[in-house]
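A.B. asks: Dropping a prediction and its sequence here:
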Amino acid sequence: MKIRDLAIRKKFILSFSLLLFMMLVGGLVVGYLWSQVDEYQQVKSDVAETMMRFDNAQKIEQDFLIFGWKEIDFLEDGQSKFTEQFFNEVEKVEESLAQKTKSEFVNKKELASDFSSILISINSYKKSFDELRKLLYTRGFKDHGLEGEMRTYAHDLQKRESAEEKVFAFSLRRHEKDFALRKDLSYTDKLHNTADEFIEFVKYADIQEYPHMTAAYKTKTIEDIKAYKNHFDKIVQTEIVIGLNEKSGQFLQLNRNKKETEPRISALYEKINEQNESLRQTASFVIGFTLLILLLTVFALVYYLRKTVSKPIIKLDNIVKKVLSGDSHASKDLHHEGKDEIGSLYRNFSLMLDNLKENLKLIKDKNESLQQKAKQDEIRSWNIEGLSHFSDLMKGNNTNLGEFANSIISETVKYINANQGAFFILNDENKEPVMELKACYAFNKKKYIHKIIEKGEGLVGQTWLEGEAIYMTEVPSSYINITSGLGDAPPRSIMILPLKTEQQTVGVLEIASFQEFEKHEQDLLTELANRLGSVIESIKMQEKTQKLLEQSQEMTEQMQAQEEEMRQNMEELQATQEEMERNQKSLNKAINFKDLQINMMNSLLGKVYEGVIFINKDYQIVASNNYITDDLHYNEGDLMGNNPELIFKTSLKKKIEALQNDPNFILTGVSERQEAKIMDKFNNIFDSRFVITKIEQKGEVFHAVLFNKKDAEFGKRVLKHLFQAK
């Protein structure tokens, strides 16, 4: 039987069945495609998290290689907070990658090999770091590991009785330090040659010239020299395995693993992103194609049914047209009590209209859901890109607080399409801290406005006081001129956020717009504010450190000039003393008075010493002369801001306090010569004599400690004799 010969009821049933089937198939296909998009999005988020954790692991690794491996915690057992944090981050990355390789979706999309490749690279990177950690622990530092054992022998050699032995010991330590600083293997030969010369000297030393050179003493000394040399060779071999620079040894392997891992993660992220976008486009195409097919099918069915059914239902058709035209009375003629095909057609037609309306509503709701989901993905991408952009700004502008504030506020206003912005930073250098306007940006231009806000003053001060963000959508027309100072145009909404660290609020960020801020824009501003606090604190600490370094350098130059002036004065005093001695015979009647003058001059001459350190009112070292660095081996970082007991094994604070009531010190400005133990950076102890004097500079009081080793002159004569002999 042909279709056109079917009853009208069967024709409608067949037509609507076809429509429902096509809608069901289209809905299932679209639903499946969007479920795949969701899976891709989850995998993409996991890869992004992996990238962040890998970057964090690299930062921890750098901190460990710069200073972490020298900390006591690591040197004692080979573990520290840096190694724990590193392995924790890497293990989380490995766990995430391992789970993904087992995921049914990842295997289905042929991504498992990419995840496995990254997992292998991460594992190699972790193993390289662990090998480097073990090597650094074996090498040790100062009193730990191989270096600690070597120092024991070095200290024993430096305690030998003859000056010649001490010179050899000093030469060995010098070659050792040169290698440690320069990583040059030529110093190993120098140390070996010096050690061999030292052994030869001990072997053939004459007991008459060196009474302490007994056979047991020689044996013990030679064993210590060989042990010292063997430990030094072990350290050299360990350093070679570690890498004398970043392009060799374990350093090279570690960097190579990092460089192999980063591109693989980035490539996988891009691959997933491309597949995800392709799938989105396919889903959109399927939706459009399904709607088009449905529309074409409806038109085809309407045309066919009109052609095949119009004659028997002309009357019904006319009534329907009247109803569609708005004739409310025409609907009365639709009632048909018969049970023939016309009645069946009426009922099926009514049902079709209802179903069509419902299906169209479902399609509309589905489209709205898809659009809403696409908008959410767009907002999420916008937030991620924004936070990444601002993170790059924070890394690149972290030396000058003003430039940092200008770059952040201008980029913030531009990124969220706001109109005005202000960046306040806490100024706590005075007694009463205030919020100072550091940067201002309005209407795509940088503004130069000076403004200071006290705690509790206006909305900015209130935000500072309470530490909570403020968001306003009903802004008074006078707010900008009175409180904000950003310009003349009244904004529609204003958001003010505190920039906090763990201890306090260090700044306030104020953003104004002619439009209300959307929820995702508020979330981005809040996250940005949470990150800015610690960055501001870091920049302020760097600026303070730079200022202190400049002040210390200026003070050092001043003290060097004063030292030169003191030397010239001593030369003049020396000439005066010689003149007094020549005329002493003719001044017998004033002998007591002249003796007093000579004693005072000798006290002044005693101020010209080899070592000089300057102490501020807080008993901290603020400057020193070259003797401290050349002979005692301290560097500027060891001394500046530290207690003078780092060098002197006695309480200079108590001695300085006692001088305040000393009549002789008040009269002459110079203390009596005293004795004390001093220690160099390598923990060698020496006897010394020192005096203390007071200096006033720019309204501040400093105390200078001038000192000499007791055996300084003897040591110089021995060194001179040895070098002349060679």
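C.D. replies: Everything's here; your move.

A.B. asks: does I120 sit in a helix or strand, and which one?
C.D. replies: I120 belongs to helix 112-139 when assigned by DSSP states H and E.

A.B. asks: which parts of that helix are buried?
C.D. replies: For helix 112-139, burial by neighbour count (16 or more other Cβ atoms under 10 Å) applies to 112, 114-115, 117-119, 121-126, 128-129, 132-133, 135-137, 139. Where you see a C-beta, it was placed from the backbone N, CA and C, and this is true even at glycine.

A.B. asks: Which neighbouring elements make contact with the longest helix anywhere in the chain?
C.D. replies: Longest helix in the chain by number of residues (criterion: DSSP state H): helix 519-582. If you count contacts as 3 or more Cβ pairs under 8 Å, 6 or more residues apart in numbering; DSSP states H and E, helix 519-582 packs onto helix 341-396, helix 401-415, strand 493-500, strand 505-513, helix 591-605, strand 611-615, strand 621-624, strand 685-697.

A.B. asks: follow-up on the earlier one: list the buried ones in the next helix or strand after the helix holding I120?
C.D. replies: As assigned by DSSP H and E, the chain's next helix or strand after helix 112-139 is helix 145-158. Using 16+ other Cβ under 10 Å as the test for burial, helix 145-158 gives G145, L146, E147, E149, M150, R151, Y153, A154, D156, L157, Q158.

A.B. asks: got it, and stretch 220-234?
C.D. replies: Buried residues in stretch 220-234, defined by neighbour count with 16+ other Cβ under 10 Å: T221, I222, D224, I225, A227, Y228, K229, H231, F232, K234.

A.B. asks: Reformat the helices and strands packed on helix 519-582 as CSV; add mean neighbour count, mean pLDDT and distance to Q208.
C.D. replies: Converted to CSV, the helices and strands packed on helix 519-582 look like this (neighbours: other Cβ atoms under 10 Å; pLDDT from 0 to 100; distance: least, Cβ to Cβ, whole Å):
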stretch, mean neighbour count, mean pLDDT, distance to Q208
helix 341-396, 14, 72, 71
helix 401-415, 19, 86, 72
strand 493-500, 23, 90, 78
strand 505-513, 24, 89, 74
helix 591-605, 13, 46, 40
strand 611-615, 22, 90, 37
strand 621-624, 22, 89, 43
strand 685-697, 16, 88, 28
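
A.B. asks: Nearest to H192, out of these?
C.D. replies: Of all these, it is strand 685-697 that lies closest to H192, at 28.7 Å by Cβ to Cβ.

A.B. asks: Give me the angle between that closest one and strand 611-615.
C.D. replies: Per axes from the mean of the first three to the mean of the last three Cα atoms, to 10 degrees, the angle that strand 685-697 makes with strand 611-615 is 50 degrees.

A.B. asks: tell me the mean pLDDT over the next helix-or-strand element following strand 685-697?
C.D. replies: Counting by DSSP H and E, the element after strand 685-697 in chain order, helix or strand, is strand 700-709. Strand 700-709 carries an average pLDDT of 88.

A.B. asks: residues in contact with strand 700-709?
C.D. replies: Among residues not part of strand 700-709, those counted as contacts by Cβ atoms under 8 Å, 6 or more residues apart in numbering are 559, 607-617, 622, 644, 648, 652, 656, 676, 678, 686-696, 715.

A.B. asks: Recalculate using a threshold of 6 Å.
C.D. replies: 607, 609-617, 656, 686, 688-695 (Cβ atoms under 6 Å, 6 or more residues apart in numbering).

A.B. asks: cool, and stretch 244-252?
C.D. replies: By Cβ under 6 Å, 6+ apart, stretch 244-252 touches E131, L132, K183, V241, I242, G243.

A.B. asks: and the two most separated of those residues?
C.D. replies: E131 and K183 (19.1 Å).

A.B. asks: what bits of the chain have low per-residue confidence?
C.D. replies: 1-9, 11, 304-320, 322-357, 359-360, 396-398, 443-448, 477-489, 583-608, 711-726 (pLDDT under 70).

A.B. asks: In a markdown table: the helices and strands packed on helix 519-582, plus distance to D638.
C.D. replies: Putting the helices and strands packed on helix 519-582 into a markdown table (distance: least, Cβ to Cβ, whole Å) gives the following:
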| stretch | distance to D638 |
| --- | --- |
| helix 341-396 | 30 |
| helix 401-415 | 29 |
| strand 493-500 | 35 |
| strand 505-513 | 31 |
| helix 591-605 | 30 |
| strand 611-615 | 12 |
| strand 621-624 | 9 |
| strand 685-697 | 17 |
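
A.B. asks: Please tell me how far stretch 45-59 is from the chain's geometric centre.
C.D. replies: Distance of stretch 45-59 from its chain centroid, counting by Cα atoms, centre = their mean, to the nearest Å, is 15 Å.

A.B. asks: Only C-alpha atoms, please: export that stretch in CSV.
C.D. replies: Coordinates of each C-alpha in stretch 45-59 appear next as CSV, following Å, rounded to 0.1, in the frame of the first residue of the first chain:
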residue,chain,number,x,y,z
SER,A,45,42.2,21.8,34.2
ASP,A,46,44.3,18.9,35.5
VAL,A,47,47.1,19.6,33.1
ALA,A,48,47.1,23.3,34.0
GLU,A,49,47.4,22.3,37.7
THR,A,50,50.3,20.0,36.8
MET,A,51,52.0,22.9,35.1
MET,A,52,51.6,25.1,38.2
ARG,A,53,52.9,22.4,40.5
PHE,A,54,55.9,21.7,38.3
ASP,A,55,56.7,25.5,38.2
ASN,A,56,56.4,25.5,42.0
ALA,A,57,58.8,22.5,42.3
GLN,A,58,61.3,24.3,40.1
LYS,A,59,61.2,27.4,42.4
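
A.B. asks: Okay, buried residues for that stretch please.
C.D. replies: Judged by neighbour count using 16+ other Cβ under 10 Å, the buried positions of stretch 45-59 are D46, V47, A48, T50, M51, R53, F54, N56, A57, Q58.

A.B. asks: And stretch 454-462, by the same measure?
C.D. replies: For stretch 454-462, the buried set under the neighbour-count rule, 16+ other Cβ under 10 Å, comprises G458, L459, V460, G461, Q462.

A.B. asks: just stretch 245-259 next, same as before
C.D. replies: Those would be G249, Q250, F251, Q253, L254, N257, K258, for stretch 245-259 by 16+ other Cβ under 10 Å.

A.B. asks: same thing with stretch 643-651?
C.D. replies: Under 16+ other Cβ under 10 Å, the buried positions of stretch 643-651 are N643, P644, L646, I647, F648.

A.B. asks: and what of stretch 96-104?
C.D. replies: S96, L97, K100, T101, S103.
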